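K.L.:
the sequence and its predicted three-dimensional model are supplied below.
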Amino acid sequence: MKEIVSKEYMHAMDEKACKDRSINSYTLMKEAGTELAKTLDKTVLRPGDVKTVLVVAGIGHNGGDALVMADYLDDRYLVSVAICGHVDKMHPDVKAVYERLVDKKDIHCLEEATDCEKLPSTDVIIDGVFGLGIARPVSGIYHSVIEWMNQSSASVVSIDIPSGLDANSGKIWGISVQADYTLVVQALKYGHVMYQGKDNCGKIITVDVGIPIESNTDVCIEPHDYHQSLPLRKAYSNKYDYGSLATFGGNIGMLGAPHLTAYAALRAGIGLSSLYVRESVYPNVSMLYPEIMVAPCKNVKHCLHKKSVLVFGPGLGKDDSSLLKTLQALIHHPAPLIIDADGLYYFNQLKDNVLIDKPIIITPHSGEMAQFFDITSDMFEANWTHYLQGFLEKYPVTVLLKGPTMVIANSKAMHFVDEAGPELARGGSGDVLGGIIAAFIPKVADPFEATTLAALVLAKAGKHAKVLKGEEGIIATDLIEALPEVIKPLKVKCDMI
């Protein structure tokens, strides 16, 4: 598992490293830039293949790192340097490195868009224009320089984060460098894996520059070192030992969604899977899978008999206020509850009027999460950490935020699962995810870990299905059919909860 932090946390660790070691920020910048250059030399630059390097530096600390790298690499390659921004506004630490370099070589100063045309052709560009601190749209010469880098045929290596990409949100401030590689300083930042970050960072290489990461509970899950497992089945057992699921969902035109949830739970190992639909909808239900027990929900209490996990929402619709009473009954029942899709519409109306004293997992995408704050999905994504953390301070639930990277969060920690690819961007993937979570809840003691494991399994199922069907041809049932093969390695000898 890899550490992942916010830009504010990283700045605090920078300051703490300086204080603990009794060094100044200039020394830390020199050390970081040297380690970045060494790593670049070993991993990306290939003597013989790469002869020329262009370093494009801004006037802040990220630019300082870039200039230190230029100084280090100058003995090995033909290095050119360009400064983006006014030299007289440079941070003093950066100015010190600049003044040493300017005595050794000509430096291009970029002030007008036409200045980019004078830059030399090169094999590799090092992007050090902006670092973690960018918080406004890119404009002027900065926009022109980033546009020039993106149009270049050279390989582009960004320092810490591609210039123009927000280090917390993963959103682009108008334009962003489209890096082939990103040399990450010490620890991943949220923006590397969130939203547009995944399409702009290229290959990520984390560089240890000697800044300790302390008291951090946020991690990016890597499959090879995430050791959560599922118990082997015992001979002396019955279906109820492996969980009994009740899925509440379905509406005219959306009856497939709850079937996907109920069927995914079966393929993920639930012992019994029941689907309940409204009485008015029941005549339209087709028997898609004989293993799923489908019935009209005439009496919620009867539907909950002997149920150990509940799902509310897939394909439900938003046209029936009586469903508020159904959800209220599910919240009051002791079984863990997963709320997805249209169920979140009803939860939003109830969340301030019910006592939450049992495990509840909600699985929104950014648009569904935005409805809790009466904002647009773009507004939520631009400041998702603020909104998500505020929500979790108020409501004791586990959130699985769906997106290019899935974030599993509670009030104590965040797990990031960035294994998923665009093959999951299709209708029904979220319904399948709800079923996997439901199947794992009875078998994994901590609902937070069960949800993390489910996200990882869905991502792996997507990759498995992609090999068999190709990225474009996958449908939700392909993900379900991949589950037994993906889950098989997770089974170990351990006690059921």
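P.N.:
Received, thanks.
K.L.:
going by C-alpha atoms from here, please, whenever you check contacts or count neighbours.
P.N.:
Noted.
K.L.:
now do stretch 86-93, average pLDDT.
P.N.:
The average of the pLDDT scores along stretch 86-93 is 93.
K.L.:
distance from it to the middle of the chain?
P.N.:
35 Å (C-alpha atoms, centre = their mean, to the nearest Å).
K.L.:
neighbours of residue 106, just the number please.
P.N.:
Residues near residue 106, counting by other C-alpha atoms under 10 Å, number 11.
K.L.:
can you pull the phi/psi pair for it?
P.N.:
When read as degrees, to the nearest 10, the backbone of residue 106 gives phi -70, psi 140.
K.L.:
list the contacts for it?
P.N.:
Residue 106 makes contacts with 80, 81, as judged by C-alpha atoms under 8 Å, 6 or more residues apart in numbering.
K.L.:
swap in the one 4 residues further on?
P.N.:
Residues in contact with residue 110, defined by C-alpha under 8 Å, 6+ apart, are 82, 83, 84, 85, 116, 141.
K.L.:
with residue 363 instead?
P.N.:
Counting by C-alpha under 8 Å, 6+ apart, residue 363 touches 338, 339, 340, 341, 399, 400, 401, 402, 430, 434.
K.L.:
quick one: it from residue 183, how far?
P.N.:
Relative to residue 183, residue 363 is positioned 32 Å away (C-alpha to C-alpha, to the nearest Å).
K.L.:
about what we covered before: rebuild the contacts of residue 110 as CSV, extending it with neighbour count, secondary structure and distance to residue 487.
P.N.:
Shown next, in CSV, are the contacts of residue 110 (neighbours: other C-alpha atoms under 10 Å; DSSP: H, G, I helix; E, B strand; the rest coil; distance: C-alpha to C-alpha, whole Å):
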residue, neighbour count, secondary structure, distance to residue 487
82, 20, strand, 52
83, 21, strand, 52
84, 23, strand, 51
85, 20, coil, 53
116, 21, helix, 52
141, 18, helix, 51
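K.L.:
quick check, nearest of those residues to residue 253?
P.N.:
The nearest member of the contacts of residue 110 to residue 253, counting by C-alpha to C-alpha, is residue 141 at 51.9 Å.
K.L.:
give the contact list for that closest one.
P.N.:
84, 85, 110, 111, 112, 113.
K.L.:
tell me the centre residue of the chain?
P.N.:
Nearest to the mean C-alpha position of the chain, by C-alpha atoms, centre = their mean, lies residue 405 at 2.7 Å.
K.L.:
how close does that one get to residue 179?
P.N.:
Distance, residue 405 to residue 179, using C-alpha to C-alpha: 19 Å.
K.L.:
would you indicate which residues of the longest helix seen in the chain are buried?
P.N.:
Taking DSSP state H as the assignment, the helix of the chain that covers the most residues is helix 447-469. By neighbour count with 16 or more other C-alpha atoms under 10 Å, helix 447-469 contains the buried residues 447-466.
K.L.:
and it, what other elements does it pack with?
P.N.:
Using 3 or more C-alpha pairs under 8 Å, 6 or more residues apart in numbering; DSSP states H and E as the contact test, the elements touching helix 447-469 are strand 398-401, strand 406-409, strand 414-417, helix 429-440, helix 476-487.
K.L.:
swap the cut-off to 10 Å and go again
P.N.:
Under the contact definition 3 or more C-alpha pairs under 10 Å, 6 or more residues apart in numbering; DSSP states H and E, helix 447-469 sits against strand 360-362, strand 398-401, strand 406-409, strand 414-417, helix 429-440, helix 476-487.
K.L.:
can you put these in JSON lines and add mean neighbour count and mean pLDDT?
P.N.:
Compiled in JSON lines, the helices and strands packed on helix 447-469 are given as follows (neighbours: other C-alpha atoms under 10 Å; pLDDT from 0 to 100):
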{"stretch": "strand 360-362", "mean neighbour count": "23", "mean pLDDT": "98"}
{"stretch": "strand 398-401", "mean neighbour count": "23", "mean pLDDT": "98"}
{"stretch": "strand 406-409", "mean neighbour count": "24", "mean pLDDT": "98"}
{"stretch": "strand 414-417", "mean neighbour count": "24", "mean pLDDT": "97"}
{"stretch": "helix 429-440", "mean neighbour count": "28", "mean pLDDT": "98"}
{"stretch": "helix 476-487", "mean neighbour count": "20", "mean pLDDT": "97"}
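K.L.:
wait, which of these is closest to residue 317?
P.N.:
Residue 317 lies closest to helix 429-440 among the helices and strands packed on helix 447-469, at 14.0 Å (C-alpha to C-alpha).
K.L.:
which stretches in the stretch 251-400 of the chain count as strands?
P.N.:
For the stretch 251-400 of the chain, strands defined by DSSP state E, counting those that start in this stretch occupy the ranges 272-277, 293-296, 309-312, 337-339, 360-362, 398-401.
K.L.:
including distance to residue 209, could the ones you listed go into TSV?
P.N.:
TSV is the format used below for these (distance: least, C-alpha to C-alpha, whole Å):
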stretch	distance to residue 209
strand 272-277	51
strand 293-296	57
strand 309-312	46
strand 337-339	42
strand 360-362	38
strand 398-401	31
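K.L.:
deepest of the ones you listed, which one?
P.N.:
strand 309-312 (a mean of 28; mean count of other C-alpha atoms under 10 Å).
K.L.:
rounded mean pLDDT for that strand, please.
P.N.:
Here strand 309-312 scores 98 as its mean pLDDT.
K.L.:
sheet partners, orientation included, of that strand?
P.N.:
When pairing is defined by DSSP bridges, strand 309-312 lines up against strand 244-248 (parallel), strand 337-339 (parallel).
K.L.:
what sits up against the last one?
P.N.:
Outside of strand 337-339, the residues that reach it under the criterion C-alpha atoms under 10 Å, 6 or more residues apart in numbering are 245-248, 308-314, 327, 330-331, 344-347, 358-364, 398-399, 434-435, 437-438, 441, 451.
K.L.:
let's see that with 6 Å instead.
P.N.:
With contacts defined as C-alpha atoms under 6 Å, 6 or more residues apart in numbering, strand 337-339 is touched by 310, 311, 312, 313, 360, 361, 362.
K.L.:
right, I'll call it a day here.
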